[in-house]
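Participant: Build the 3D model from these lines:
(2 chains)
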Amino acid sequence: MANITAVGPYEEDLKPPVKNHRIAWDDVDRKLIERPSFSFRLQLILGFLLLFFLSMATIIGSMAAILQIQNKLRFVQATERFLFEIEQARRWEKNYFLYGTNLTDAAESASNAKILLSQNLKAYQEIAVQLAEQIVRNLDDYQNLLNELSLLDRRSPSGDLAKKHEIEIELRKKGAGMVEIAASLARTEENSMNDLLNLIQRIPIYALVAYLLLFLYVIYFLSQRFMKRLNSLVNSTQRIASGDFSPIIPVRKTRDEFTTVSVAINKMMEELDSRQRAMVESHKLKAIGTLTAGVAHELNNPINNIMLTAYSLLEEYEELSKEDMLEMINDLIKEADRSRSIVRNLLDFARESESVSELLDLGVLVKETLKLASNQIRVSDVNVDITVQPNLPQIRGDQQKLKQVFLNIILNAVDAVQKQGEIKIDVEQADSYGFLAVNILDNGCGIPDHILPYIFDPFFTAKKPGKGSGLGLSVSHGIVNIHGGKIHVESEEGKYTRFTVLIPTAEMPADISQI
Amino acid sequence: MKEKLDLLLVDDETIVLQRLKPALTKIGCTVETFGDAKEALRRIDEKVFDIVVTDIMMADVNGIELLEYIQKKSNRTKVIMITGYATEALAREAMGKGAFDIIAKPFRPDDLRNMIARAAAALGFKEKIRV
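Facilitator: Modelled structure (predicted):
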């Protein structure tokens, strides 16, 4: 046994879909397009721009660091030269105190140091204003002391030893102070240079990590967005395949390249929707064709009765009693009525009418449908048994369209059973709450498993060419779908086929005013 | 030879039986009518009719089955088929199975009478049936 269910897109919750089938297509398309654009091209450009700016920042940062290192290096070198001059001065100074020589050399070295200091003063001030001032003061003091010493020397080269000694101590102190400060400045700069070097070494690694993260994010973000769009398109196509032609409605606040595809799909669905309507109509015409043959037969019976009765009246006018005549006239009226109701039945079904949603008694509707098919049933010599559960709630729907569904299934069943076949129809409360079920069971040839999944597809037919349009079940499916119901089929080849049509009861609010 | 033509009329439309019985009796037939084909079959078991006029589309037993049944009983009986749905295939099937003729609904009483007269002639009742 196999079975297959054809359902609308709202299968899970079994709620009658609130559908508005005559949608303002243009309105939806406009809503789709009017959203601000955030295209994938823009997203790609933004991603690349972000990467570009990040690379720029890295490069500029590195360049700035290198420049800074260069400056610091120059500073350290200058400081070293300064230190060299100071130390040179101090060596001359020491010679002077030991041997009385080289005082002018010391003064020269000190003034060299002064030149170097004034060249780098700005840099020193940047590092530490106090230290820079201190070193300048120290150097000035140092030079002054040397000048004082040379003045003293000139006055009395060997006199005033106490004063000289005092100056010597002062000179030592200033010299050592200068050396210390300069060395400490150089050390500070060296340290900060080392820090910068370390940083420069690490920048490429940081940058790589940042690039990687950014890449991953951009890829993830873009692909996620991309896949979401693709998936929603795939869902839409599946929805279309199941016969739901309602348009794609904007979900996001922005539009992108896929919006164009959505608009195109909506265009296609609009087209499909109108084709579907045409298909329902053309299938109805086909059903009318089938019925007409039966009606021709059925109509011949009352016409024949009228003809025979009229001729009898004509032939035996003189001999007939009043009672006989009255009986014959009543027969004429009765048979004329019968003809009228046969024709009216077909015309009711055939009449091209706007869809109307009304409260209907499903049992009565199925019985009326059965009457429509009664000639086919008689011709095929099929036994039909119908049971309607009493006190069923009413349903809401389009009488003509629902009749088309049941007629189609019943005629299929009549086709499927051999002579003296059995068709059993049950109209009852369905297992799922709020639904009525119409079961149509026949003991006919059944549907082979391999074609069962396709029977609701448009233009699929298992009948011989020219016998079936392949539209019947597809159209029926569409109609049931619109009513918020579903069609279910179960079959075993050679044994039976059971179609179950579920239609929601009228208690459930279903907006099918615009089927 | 018998005076009258024994005729069996089978149709599930009672008006057909009611109107045709006097119409055919008038031309010299002894007419038996059945609205139920099964009862007609039982009667055929009991009696050989000269002519059987039967509807094709009937519940339970259809006209073709009746034709086949009659032919098993007697090859002398002429069977005229009435059809409300005269398709070529059905006519061919009935003729192929040895029906005398087919008459399509709606028909006038004279149409059937003429056909019965021809059948009677074929059976040798030339003088008896006047239309």
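
Participant: so how far is the one helix or strand B:A120 maps to from its chain's centroid?
Facilitator: For B:A120, the host element (DSSP states H and E) is helix B:109-123. In terms of CA atoms, centre = their mean, to the nearest Å, the centre of helix B:109-123 is found 10 Å from the chain centre.

Participant: Off-centre distance for the helix or strand A:L117 falls within?
Facilitator: Per DSSP H and E, A:L117 falls inside helix A:103-127. On the basis of CA atoms, centre = their mean, helix A:103-127 sits 73 Å off its chain's mean C-alpha point.

Participant: Show me what that helix packs onto, helices and strands only.
Facilitator: Applying 3 or more CB pairs under 8 Å, 6 or more residues apart in numbering or on different chains; DSSP states H and E, one finds that helix A:103-127 contacts helix A:40-99, helix A:129-155, helix A:161-241. From N, CA and C alone the C-beta is placed, and that goes for glycine too.

Participant: Can you list the buried residues in the helix or strand hosting B:R92?
Facilitator: B:R92 belongs to helix B:88-96 when assigned by DSSP H and E. Of the residues in helix B:88-96, B:L90, B:A91, B:A94 count as buried by neighbour count, 16 or more other CB atoms under 10 Å in any protein chain shown.

Participant: about what we covered before: what's the closest of the helices and strands packed on helix A:103-127 to A:Y311?
Facilitator: Nearest to A:Y311, of all the helices and strands packed on helix A:103-127, is helix A:161-241, at 60.4 Å by CB to CB.

Participant: tell me what that closest one is packed against?
Facilitator: Packed against helix A:161-241, as judged by 3+ CB pairs under 8 Å, 6+ apart, are the following elements: helix A:40-99, helix A:103-127, helix A:129-155, helix A:257-315.

Participant: buried set for the second one?
Facilitator: Of the residues in helix A:103-127, A:103, A:105-110, A:112-114, A:116-117, A:120, A:123-124, A:127 count as buried by neighbour count, 16+ other CB under 10 Å.

Participant: Test my guess that B:M115 contacts B:M81.
Facilitator: No. Judged on CB atoms under 8 Å, B:M115 makes no contact with B:M81 at a distance of 10.3 Å.

Participant: Between the two, point out the one with more neighbours.
Facilitator: Neighbour tally, B:M115 and B:M81, criterion other CB atoms under 10 Å in any protein chain shown: the higher count belongs to B:M81, 26 against 20.

Participant: Next up, the contacts around the more buried one.
Facilitator: B:T54, B:D55, B:I56, B:G63, B:I64, B:L67, B:A94, B:A99, B:D101, B:I102, B:I103 (CB atoms under 8 Å, 6 or more residues apart in numbering or on different chains).

Participant: helix, strand or coil for the last one?
Facilitator: For B:I103, the secondary-structure state derived from DSSP: H, G, I helix; E, B strand; the rest coil is strand.

Participant: Give the buried residues for stretch A:226-234.
Facilitator: A:R229.

Participant: which other residues reach it?
Facilitator: Contact partners of stretch A:226-234, identified using CB under 8 Å, 6+ apart, comprise A:F40, A:I248, A:V251, A:D256, A:F258, A:V261, A:S262, A:I265.

Participant: per-residue confidence for A:E85?
Facilitator: The model reports A:E85 with a pLDDT of 86.

Participant: OK, contacts around the spatially closest residue to it that is not a sequence neighbour?
Facilitator: Nearest non-adjacent residue to A:E85, counting by CB to CB, 6 or more residues apart in numbering or on different chains: A:A113, 3.9 Å away. Applying CB under 8 Å, 6+ apart, we find A:A113 in contact with A:F82, A:E85, A:I86, A:A89, A:L139.

Participant: just A:L347 next, same as before
Facilitator: Contact criterion CB under 8 Å, 6+ apart gives no residues in contact with A:L347.

Participant: how about the residues of chain B near chain A?
Facilitator: By the rule CB under 8 Å from any CB of the partner chain, the part of chain B lying against chain A is B:13, B:15-16, B:18-20, B:22-23, B:57, B:59, B:62, B:84-85, B:104-110.

Participant: Could you list the buried residues of whichever helix or strand B:T30 is part of?
Facilitator: Using DSSP H and E, the element containing B:T30 is strand B:29-34. Residues of strand B:29-34 classed as buried by neighbour count (16+ other CB under 10 Å): B:C29, B:V31, B:E32, B:T33, B:F34.

Participant: Identify, from the contacts of A:A113, the entry nearest to A:L196.
Facilitator: Of all the contacts of A:A113, A:F82 has the smallest distance to A:L196: 21.9 Å, by CB to CB.

Participant: Next one: the closest one, what pLDDT does it get?
Facilitator: Reported pLDDT for A:F82: 85.

Participant: now do B:D11
Facilitator: With respect to pLDDT, B:D11 scores 91.

Participant: wait, it sits on B:I56?
Facilitator: No. B:D11 is beyond contact range of B:I56, at 9.9 Å (criterion: CB under 8 Å).

Participant: what touches both of these two?
Facilitator: Common neighbours of B:D11 and B:I56 (CB under 8 Å, 6+ apart) are B:I82.

Participant: pLDDT value on the most centrally placed residue in chain B, please?
Facilitator: The centre of chain B sits closest to B:V53, judged by CA atoms, centre = their mean, with a distance of 1.2 Å. You'll see B:V53 listed with a pLDDT of 95.

Participant: Pretty sure it sits in a strand.
Facilitator: Yes. When classified by three-state DSSP, B:V53 is found to be part of a strand.

Participant: Surely it and B:L9 touch.
Facilitator: Yes. Under the criterion of CB under 8 Å, B:V53 makes contact with B:L9 at 5.0 Å.

Participant: For these two, list the residues in contact with both.
Facilitator: In contact with both B:V53 and B:L9: B:L20, using CB under 8 Å, 6+ apart.
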